[in-house]
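Visitor: sequence plus predicted model, see below.
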Amino acid sequence: MNNMQQTARVGLFFILGLALIWVTFETLSGGKVFQDKGYPLIAGFESLKELKEGDEVRMAGVKIGVVEKTELAGSRRAEATLRIESRYKVKADSTATIVMAGLIGTNYIGIDLGSPSAADLQPGAEIQTKTTPDLNSVMTQIGSLGQKLEGALGNLGTAFTGDGKNPGIIQKIDSLVTENREKVGATMTNLQQITDKVNKGEGTIGKLINDPKLHDDLLATVADIKASAAEAKNFMTNAQSIVDQVKQGKGTIGALVFDAKAGDDMRASIANLRMVSDKLAKGEGTLGKLINDDTVLRDAQAIMKKADRALDGLDDTGPITAVGGVARGLF
């Protein structure tokens, strides 16, 4: 009986030892002995920014893998091998960035979801990456900005107060006020006098401000100007209507400007007048001879004289004798 109990105790201790060894191994291996190995992806950066093996890989804030390995790949490139769990698929247009999780410098790889229609990355493929500023670069830029701001404030202070050799803006203003104090005082006095005159209604501005009648006259003048502007607008409207009618060939002017037949008739009439004028100038035709031939004028004058003598003899003769006498006198 004692041997059996001793054997049972040894067996129990042996089982407990195996269990303890298994728990210790699982703890040291991170519980990954029987877990899915996943698939690798390659992410290349100019700098891994303190990223190390074992750091998380997250998609939309959810852990989907870990950084398996980091190494240099060329003189200006660092690569991180990402181990992604098999149940998660990364799209071909997804982008990986190094994200700082806290001020203590813990970083992780962040991957966006990509497009639903994009294909999945195959194991061993390289994922697109994007560089983001880290805390060190941001602090460096802030320090540089602070130095520039300090220099700008120093220059501004020097501009206001001077640098010992050249006076500043405040000193120049003080000197200007001191040198022109009398002129400034005289100017203020003049302004006060002008203000008093305006308050009393003196001068044009004073009357405009204080005289109601002048104000009413001004309003009436403005009303007249508005009325004149309205009449001018009506005149322009009527003128535009006339121009439109002329463009459409309506009315005498429109017909003269746009009617081809009226234009041809006018040109023919002008040509005829030109021909008549030329004939008159050359003495052609009866009217031309009357205007240019002195002989016709002298003959007409002689006939008139004969007719006058014949009429003078009508008083002493009868009607028939008078007609015969007139005929003999004319011909």
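Guide: Looks like it came in fine.

Visitor: remind me, longest helix of the chain?
Guide: Of all segments of type helix in the chain, defined using DSSP state H, the longest is helix 212-247.

Visitor: tell me the centre residue of this protein?
Guide: The residue lying closest to the centre of the chain (CA atoms, centre = their mean) is K233, at 32.7 Å.

Visitor: what about that residue, distance to A239?
Guide: To A239, K233 is 11 Å away according to CB to CB, to the nearest Å. Glycine gets a C-beta too; all of them are placed from N, C-alpha and C.

Visitor: could you do V276 as well?
Guide: 38 Å.

Visitor: again, but for I127
Guide: The span separating I127 from A239 equals 76 Å under the rule CB to CB.

Visitor: which one of those two has more residues nearby?
Guide: I127 (22 against 10; other CB atoms under 10 Å).

Visitor: show the backbone phi and psi for A78.
Guide: phi -120, psi 140 (degrees, to the nearest 10).

Visitor: with V57 instead?
Guide: Main-chain dihedrals, V57, degrees, to the nearest 10: phi -120, psi 120.

Visitor: ok, it - contacts?
Guide: By CB atoms under 8 Å, 6 or more residues apart in numbering, V57 lies in contact with 63-67, 82-84, 108-109, 111.

Visitor: narrow the residues you listed to those in strands?
Guide: 63-67, 82-84, 108-109, 111 (DSSP state E).

Visitor: in the stretch 101-250 of the chain, which spans are strands?
Guide: All strands of the stretch 101-250 of the chain, identified by DSSP state E, counting those that start in this stretch, fall at 107-111, 126-129.

Visitor: which helices and strands does the first one pack with?
Guide: If I follow you right, that is strand 107-111. Helices and strands touching strand 107-111, by 3 or more CB pairs under 8 Å, 6 or more residues apart in numbering; DSSP states H and E, are strand 56-59, strand 95-100.

Visitor: for T189, find the nearest of those strands.
Guide: Nearest to T189, of all these, is strand 95-100, at 69.4 Å by CB to CB.

Visitor: output that closest one as PDB - backbone C-alpha positions only.
Guide: What follows is strand 95-100, C-alpha atoms only, in PDB (Å, rounded to 0.1, in the frame of the first residue of the first chain):
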ATOM      1  CA  THR A  95      -0.500  52.400 -47.200                       C
ATOM      2  CA  ALA A  96       1.600  51.700 -44.200                       C
ATOM      3  CA  THR A  97       3.000  54.500 -41.900                       C
ATOM      4  CA  ILE A  98       5.000  54.500 -38.700                       C
ATOM      5  CA  VAL A  99       2.800  55.900 -35.900                       C
ATOM      6  CA  MET A 100       3.900  57.000 -32.500                       C
END
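
Visitor: give the buried residues for it.
Guide: Using 16 or more other CB atoms under 10 Å as the test for burial, strand 95-100 gives 96-100.

Visitor: want to try TSV for those, with pLDDT as columns?
Guide: Below are those laid out as TSV (pLDDT from 0 to 100):
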residue	pLDDT
A96	93
T97	93
I98	90
V99	88
M100	81
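
Visitor: contacts only, for V23.
Guide: No contacts exist for V23 under CB under 8 Å, 6+ apart.

Visitor: how far away is it from L16?
Guide: 11 Å.

Visitor: quick one: the helices in the protein?
Guide: 2-29, 135-161, 169-179, 181-200, 203-210, 212-247, 251-258, 260-282, 285-292, 294-312, 319-330.

Visitor: just send the ones you listed back as JSON lines, with mean pLDDT and distance to K89 too.
Guide: Listed next are those as JSON lines, based on pLDDT from 0 to 100; distance: least, CB to CB, whole Å:
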{"stretch": "helix 2-29", "mean pLDDT": "76", "distance to K89": "26"}
{"stretch": "helix 135-161", "mean pLDDT": "73", "distance to K89": "32"}
{"stretch": "helix 169-179", "mean pLDDT": "76", "distance to K89": "67"}
{"stretch": "helix 181-200", "mean pLDDT": "80", "distance to K89": "81"}
{"stretch": "helix 203-210", "mean pLDDT": "70", "distance to K89": "83"}
{"stretch": "helix 212-247", "mean pLDDT": "80", "distance to K89": "74"}
{"stretch": "helix 251-258", "mean pLDDT": "65", "distance to K89": "80"}
{"stretch": "helix 260-282", "mean pLDDT": "74", "distance to K89": "83"}
{"stretch": "helix 285-292", "mean pLDDT": "67", "distance to K89": "114"}
{"stretch": "helix 294-312", "mean pLDDT": "70", "distance to K89": "125"}
{"stretch": "helix 319-330", "mean pLDDT": "52", "distance to K89": "138"}
